[in-house]
Structure formats: structure tokens, C-alpha cells
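In: Below are the sequence and a predicted model for it; my questions follow.
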Amino acid sequence: MKRAALFPIALLAACANAPAPQRGPVAPLPPAPRPAVVAAAVAAAQPATAPAELMFVLRIANPQRTWANAAQILPSSLFVFAAGSTEPTSVLERAVGSALAGVVDLARPLDVAFLGTTGARAVASLSVAEQDVPRLADRFVLKELGEHPGLLRVERAHDADPDEEAPPWVCAFDPGERRDGARLLCGEDVEDIEAAAAYLVQVVAREPLDTDARIEIPERLLRKAMEETGNASEAGDDDGRSGALGKALGEGFLRDIERMSVDLTWGPADVEVGLTLRFAGRRSPLTLAFVPAAAPDAAPPPAFFRLPADTAVAFHTQGASRAELTPLREAIAGALRDDMLEDRYDAPRLERFLDRLDDLAFTGGPLVVGAGANGAAAAKALAAYQGDKRAPRAQKTARLALKGWMLAAVEEPAQTWITGVQELLRLGEELDELKTGAAAGSAARAAGKPGGAPKDGGAGKRDEDKQRTTPVIARAPAALPAGTLHVELRSKPLTKDAPPAHTTHLYIVPAGQRTWLGLSEDDAALVDRLRVAVEPGRDDRTLGAAPGADALRQRGTLAGGLFSMAGLALLAANGDTPEALDKVVEDFAKLAALPARGEIAIPFAVASEVLGSGAARLDVRVRLTRAAIQDAIALLAR
């Protein structure tokens, strides 16, 4: 792509802190007569349609302010490389020439259509300054395009030097229906302008723009993504009924999506990034589950603010209703049943197992989840590991230090969960014993027969299993409330590349009508965090007492929470092998070199609305501070 085409792309980089200019009241202008030289556009009998090759549309409410924001937040060398200059007018002049750049109002909206399979061809629709509209014929030689009445191609400026090199972009004026609606459409090819002009002027420009910048992705591109995803899934390995279900659910969710957009809104100290999905309907089980009918004044569940203050990733949701979750619950149960029957599990006991699971899974209502890890301890253990990579003890310590903890809370009595989990463990053990016995009998009957060995390898072990995990009910520590259930999940390796032997602790803790669940290999750390969640005397160590907690109390949301880049990296770290530990060391070194070390907390909120027509909308909003943006840019630049 030529450098001139980078102008709209550079504007897309807007994210920062520049305050919006203050404007005084503007008196409405009376409709102005159309210039005699400009013929009125012929009203289209049908609304203009999107160009066949449209990939997406970028809209910017105030390009001048956006440019200033981008210049503040991006490193100057990177900004100049991407845009070619620190001045937007200079870039525009190189693209269209100084005469045309002089009639563009960069304080008013700019719309750009990106065309082609990669979006490499762009057509920009720029606002023409009102005071220049009556003088366009005096300043430029204009030629009406025969097949597009009202669209006037700019041949040259009247005072242009005949020997002056033509700018890389060609342009045409569309005067619009009002003087303040005149647009200058420019691109590298006049055919692209002809293809996109009517859509940009008659459709895009008329839609309200309530954010500073927005990218709109058409339905056609979403359909293409769905097809490519489906083709990739077909080319992959067969994952049984569960794999087929995952593919079907994903495709159904994409089919429900009608439009998608990403937008930016900047304030005095941060930037809000939004993702909006508009659904034509809620036919897919995933759409019903993820886009429920949420109460407009709902508050975050109180349990969310009982999470420990050192939670690295926190999430809460009002949750869908049980009725909205039923199609998803039944689909997952059906796929699990088919896969387990194919693996020759006992059918009657499997039905009882799935019935019990149905009492606990996807029951609807609020859910809170939080996870964290001790970053300082992990850094210390990794440093010791680097000092002596061959020491098994250093490797074991580093691996354990990377294993964080996870808490979850549901607004249901704990006894329901304790009884349900105990019965699931019992039924699961019976299923495994019956399958092991059946496999052993099959192996005995096959003895002496060529090729008669059971296909699952005997003793119930599948070929892809790397470890065997045995659940054991253990004594709960006295520090937790009476009635707490403690389960130890003891894992042993079956292959050389499996994780080392380890024990994961599961706790189910009663807290009135609320149930807390905890999971971690680090028993002491997990018990400590559970005590923070359930004991009122530890309020000062909760998320509700942490700085900035008020920003998380937004009402009227379906879901919300916070995360940080360092927190995500810590929770995703895998220390099961020396190679994995080396990768963690490398990733952590990159984070440590960032301006804020990736430790800035990033809040997010999700709103859901079900419309009367059956359509629905989901809005995800993420708030980024200047420090978080600079960390992200520095990480991407590495």
C-alpha cells in the first residue's frame, strides 16, 4: 500500500488523553442554495448497498483530535514511520494535493471503506468545509461521472502548475443534500470511489456516531469468518461428539450475529474501548447463554467484592436463567453421554451421573470467579531455577510457585454442592471401576487371539491420557467454616512428558446461603484466600477495599470485572517441563521491561439487551489508562 493510504490507518491508532476542545453554542444554519455548478444528486430508488468487496468501515468523529491523541500516546519515531508526519494536514496534502487538502475540515467526521480480500484498498470520505462548498467550481475543474449523477471527479485545480506531479489519490466531490453534507471521496482508483461513494455518503455518513472512532464489520465478513472456521475444523482431528458439538455451537453463534463494531472513546485520563455485537435473533444455545435478558438496574453480586484484594483476574455475571441455559445444558450433556458410551462406560450408572451433574451445572443465576498467584514468589523461584536449571528441587519449586489459586461463588446453599460433589465422586469411581473390569475381562477373552487386545489399552487407560487423577475426600482445616468439604485430586504421571506427581485441593465452603469453591495446588495459599472471602473480619484484604473498587460497582451491567497483562501471563504460565519454564522466564522478562510492568488493572463491563423483535445486543466496554496503553504498545513493538 502506498504511504498516502496510511493516512486513515494512522488515524485508527487513536488512544489517549488529549482533552476534547471546548466548543461554544453554534446557531443552526438555514438550508443554503446548492451551487449552480453542482447538479443535484438523483435520489436513489433503493438505499445504497455496501460494495461487494467491502471488508470494514472506519469512522472517526474528529480526525484532528484523534491525530493529536495518537501523537501523544505513540512513540514519536513509530508514529512518524506509520503516518509519515506528525501533522495530519501534511499527510493529507501528500495524498490528495494541497488544493484539495485546503477544503477538508479535519474537525468533522471522516469515514473510510477498506476494500479487497485484505482491506488494502481504501476509499476515504472526508467532510468539506461549509464555507468552501460554494467556491468549488471556481477552484477546481470538475467532471460529472456519467454513471454516477452528482458525483464530480476533480480533474485538477484551476491554478495548478501543468508540470506539477499529480497526487497519488484521485478524488471526487459528492455535494450531498445539504451544504454541510458535502464530501470529498478519495482513493487510489476511481473505480473504487465509484463503488463505495453512494454507500459512504448515503448510508454511513447518515448514521449517528456517538463515539470518537468506530470500526464497523459487515455481515459478509462475519459469514466469511464462519466459513473459514468451519473449514479449519473439518481439516482438524476428529474430537468425537464433544468436538462436533463445539463446532456446531460456534457456527450457530456466528449465524446469530448480524453486525459487529469496535469503538474508541477517550476521556481526560483514559480511553474506553468497546465491542458491540448485534444479533438478529437468539437461536443458538450459546447466544441464549451469553446474551440473556439482564435487569437494567442490576448491581454486581456482593460476593464479587469479597474476592481477595490480590486477585489478578476477576469476573462476575448476573447469569442467564435456567430456561435460557437449558438448550446449552442439554446439548453438552448429550455430547458427553455419547462420548462416554463410545468409551464403553456403563449406561445406567452414566445416566445417574449425568442426572446429578445436571443439578449443579448451568443452573442459572449470579456467578463470581477470581484467580491469582504470588508474583513475587514466582519471580524469586524462577531466578533460583535459572541459577541451577538441572536441580530437580529448583524446578519443582518454580513449578509450584506458578500454580495460582481460583475461587468461585454461587448464590446457592453449600449443602447442595457438597452432597452433589460427593455423589458425583462416588458415581465416577463406580463408572471407572466397571470400565476397568470390563476392559480386563475383554483382554482376558482376547488372549491368544491375533489382534485381540482391547483398543483402549486395558485397565481403562486411553492412549491420550498422560496422567491418572484419583479424588480422595480429606479432612478440612479447622480454619474454615464447619461443614467444609475438602477433596484432594491426586495425580500421577503415566507418560514421560506428563506433569510430575502433584495434588490439587478442592474446597466447597458454606457461607450462609452462598457457596464458595476453591481450587489450587498450593493448599496454604488457597485456605488463606478462602478465609478472606468468608470471614467479615478480613474486609480490609478484599477486593471491595482495594483502591479503585468504586469503578467496579457500575449498575445495569450483565457482567464485569478486571484483569492485568501481568496477571493473565502469571495465570497462563506453565512450569510442567524445563522447556515450559524457559518460556515463562522469557515472557516474564518482556513484562518486566514494560513501562508499568504490565501490572495496571484494567476494568471491563458487559451489558446485554434483548429487544422486542427477538433481536439482541451485547456491549463489552474496557477502560484503559495511559499507562496500560503504553504497556500494550511497548509489548506489541517488541
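Out: That came in fine, so what should we check first? As the structure is a prediction and not an experimental result, all values here were calculated from the model.

In: Extract the CA atoms of stretch 475-492 and return them as PDB.
Out: C-alpha atoms of stretch 475-492 as PDB (Å, rounded to 0.1, in the frame of the first residue of the first chain):
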ATOM      1  CA  ARG A 475     -10.100 -33.500  56.400                       C
ATOM      2  CA  ALA A 476     -10.900 -29.800  56.100                       C
ATOM      3  CA  PRO A 477      -8.700 -27.500  58.100                       C
ATOM      4  CA  ALA A 478     -10.200 -26.000  61.300                       C
ATOM      5  CA  ALA A 479      -9.600 -22.500  60.000                       C
ATOM      6  CA  LEU A 480     -12.500 -22.900  57.500                       C
ATOM      7  CA  PRO A 481     -16.200 -23.000  58.500                       C
ATOM      8  CA  ALA A 482     -17.800 -26.100  59.800                       C
ATOM      9  CA  GLY A 483     -19.200 -28.400  57.100                       C
ATOM     10  CA  THR A 484     -16.500 -27.500  54.500                       C
ATOM     11  CA  LEU A 485     -15.800 -30.300  52.000                       C
ATOM     12  CA  HIS A 486     -12.100 -30.900  51.200                       C
ATOM     13  CA  VAL A 487     -11.200 -33.100  48.200                       C
ATOM     14  CA  GLU A 488      -7.700 -33.900  47.200                       C
ATOM     15  CA  LEU A 489      -7.200 -34.700  43.500                       C
ATOM     16  CA  ARG A 490      -4.000 -36.800  43.500                       C
ATOM     17  CA  SER A 491      -2.400 -37.000  40.000                       C
ATOM     18  CA  LYS A 492       0.400 -39.400  38.900                       C
END
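
In: Return the distance of that stretch from the chain's centre.
Out: Here stretch 475-492 shows a centroid-to-chain-centroid distance of 35 Å under the convention Cα atoms, centre = their mean, to the nearest Å.

In: Please apply the same query to stretch 384-397.
Out: Taking Cα atoms, centre = their mean, the mean C-alpha location of stretch 384-397 is offset from the chain mean by 36 Å.

In: How about stretch 344-355?
Out: 37 Å.

In: taking the mean pLDDT, what do you get for that stretch?
Out: Here stretch 344-355 scores 92 as its mean pLDDT.

In: just stretch 195-207 next, same as before
Out: On average, stretch 195-207 scores 93.

In: start to end distance for that stretch?
Out: The first and final residues of stretch 195-207 sit 19 Å from each other (Cα to Cα, to the nearest Å).

In: Any buried residues in it, and which?
Out: Residues of stretch 195-207 classed as buried: A195, A196, A197, A198, Y199, L200, V201, Q202, V204, A205 (neighbour count, 16 or more other Cβ atoms under 10 Å). C-beta here means a position set from N, CA and C on the backbone, and glycine is covered the same way.

In: Next step: those restricted to helices.
Out: A195, A196, A197, A198, Y199 (DSSP state H).

In: The third one contacts G176, doesn't it?
Out: Same thing as A197. No: if you go by Cβ atoms under 8 Å, A197 and G176 don't touch, sitting 11.1 Å apart.

In: what stretches of this structure score poorly on pLDDT?
Out: Scanning the chain for pLDDT under 70 picks out 1-47, 74-86, 179, 225-239, 389-390, 436-464.

In: Helices along the stretch 151-300 of the chain, start to end?
Out: Using DSSP state H, counting those that start in this stretch, the helices of the stretch 151-300 of the chain run over residues 190-199, 219-235, 240-256, 285-290.

In: hey, which of those is tucked in deepest?
Out: A comparison of the helices of the stretch 151-300 of the chain by mean neighbour count, using mean count of other Cβ atoms under 10 Å, puts helix 285-290 on top with a mean of 23.

In: residues making contact with that one?
Out: 249-250, 252-253, 256, 279, 281-282, 320, 324-325, 327-328, 331, 362, 608, 616, 618 (Cβ atoms under 8 Å, 6 or more residues apart in numbering).

In: from the middle of its chain, how far away would it be?
Out: 16 Å.

In: Kindly export the very next helix or strand once past it (C-alpha atoms) in CSV.
Out: Per DSSP states H and E, the first helix or strand lying C-terminal to helix 285-290 is strand 313-317. Extracted in CSV, the C-alpha atoms of strand 313-317 (Å, rounded to 0.1, in the frame of the first residue of the first chain):
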residue,chain,number,x,y,z
VAL,A,313,-8.3,-11.7,37.2
ALA,A,314,-11.8,-11.2,38.5
PHE,A,315,-15.2,-11.8,36.8
HIS,A,316,-18.9,-11.5,37.8
THR,A,317,-22.1,-12.1,36.0
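
In: So what touches strand 313-317?
Out: With Cβ under 8 Å, 6+ apart as the test, strand 313-317 has contacts from 300-301, 303-304, 307, 366-372, 543, 558-564, 567-568, 571, 606.

In: Who are the packing partners of the following helix or strand past it?
Out: Once strand 313-317 ends, the next helix or strand along the chain (criterion: DSSP H and E) is helix 322-342. For helix 322-342, the packing partners by 3 or more Cβ pairs under 8 Å, 6 or more residues apart in numbering; DSSP states H and E come out as helix 240-256, helix 285-290, helix 347-360.

In: OK, contacts around L552?
Out: P300, F304, F305, L543, G560, G561, L562, P603.
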